[in-house]
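> this one's sequence-less:
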């Protein structure tokens, strides 16, 4: 088993998804010399979203095409570029990932304490972060991510209340892990940030590769393929769980920083409008979960979960149970 030697190991996965897998040193549990497993993923997701918003960081429309205008895609299910040909992750996107991890871990330590094993739901994470996001809608889904996620995203981006917004921010929680999903209207794209450690079986190299955080992006026209990729590579344990479920929330920036100089520099005021609670997801009918179909290259996924912890029995409640999940979940056929 090897660790990822490249600064950002770029692949096209499932034909249409552009994926960067970073070294082990770039994760919420290892960045800046951290030695303990981090439970701060929900806070980190919010911090990354806040940085993207405050600094007007977007994925370029041209980024999804190779020189000459051809869209990045591969007829093979997985394809790795040679290092010299690999598109580099935009520096501002990478900086948002790194700074979001640092800020989220610091916010967690400040609110919960360094030795805490607390896992935050989204409303509590918003309070702990001191961010200016508000949760607009939430749904606990008892359906396959591949089937339900595209419908949830389409419902949100087509909602008249959000048509003026250049960006929509989704927070997805499953198997005690949180990831951030950003929709950008100008490029009509989706970008996922997952700050945990991972293990990947690389078909091209015929070996397991341990690596850190993931940034993955795809055009909205490929949302079904992207959701399937998320299901198999980000939340594979949900597929094999007897009560597989995931949470999705839509959050929105509702006010800007009190620092007027920062407001002027970042120009964040024009895209901010107070929005109350809206019912977006709950009108969507869920389909019955299907039996998972795990291919051979997906049966060695090991994904870092949070450290032993006390989990909330209910998403909204403050009660705690005494469940202690394993640090790693291994999916095998």
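Received it, and whenever you're ready, just let me know what you need. Fair warning: this is a prediction, and the values are worked out from it, not measured in the lab.
> show me the shaky parts of this structure.
Applying pLDDT under 70 to the chain flags residues 1-8, 60-87, 242-243, 255-276, 283-333.
> mind listing the helices for it?
Under the criterion DSSP state H, the chain contains helices at 41-54, 91-112, 122-129, 145-157, 223-233, 236-240, 260-266.
> quick one, which of these is packed in tightest?
Greatest average neighbour count among the helices of the chain goes to helix 41-54 (a mean of 26), per mean count of other C-beta atoms under 10 Å. Placement of C-beta: from N, CA and C, glycine included.
> and the angle for that helix with helix 91-112?
Interaxial angle, helix 41-54 versus helix 91-112 (axes from the mean of the first three to the mean of the last three C-alpha atoms, to 10 degrees): 130 degrees.
> could we number from 352 for the rest of this?
Okay, using 352 as the starting number, the last item reads as helix 392-405.
> follow-up on the earlier one: in TSV: the helices of the chain, plus distance to residue 384.
Shown next, in TSV, are the helices of the chain (distance: least, C-beta to C-beta, whole Å):
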stretch	distance to residue 384
helix 392-405	17
helix 442-463	11
helix 473-480	23
helix 496-508	34
helix 574-584	27
helix 587-591	29
helix 611-617	29
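> which positions in stretch 554-572 come out as buried?
560, 561, 562, 563, 564, 565, 566, 567, 568, 569, 570, 571 (16 or more other C-beta atoms under 10 Å).
> so residue 564 makes contact with residue 379?
Yes. Look at residue 564 against residue 379 with C-beta atoms under 8 Å: they come within range, at 7.5 Å.
> which ones are touching residue 597?
Applying C-beta atoms under 8 Å, 6 or more residues apart in numbering, we find residue 597 in contact with 491, 492, 496, 523, 524, 525, 586, 589.
> which of these are buried? Put it as a ChimeraX command.
A single ChimeraX command selects the buried members of the contacts of residue 597 (16+ other C-beta under 10 Å):
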select :492,496,523,524,525,586,589
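> just the contacts of residue 597: which are in strands?
Among the contacts of residue 597, the ones falling in strands (DSSP state E) are 491, 492, 523, 524, 525.
> give the closest residue to the fourth one in space, chain neighbours not counted.
Right, the one you point to is residue 524. residue 598 (4.3 Å; C-beta to C-beta, 6 or more residues apart in numbering).
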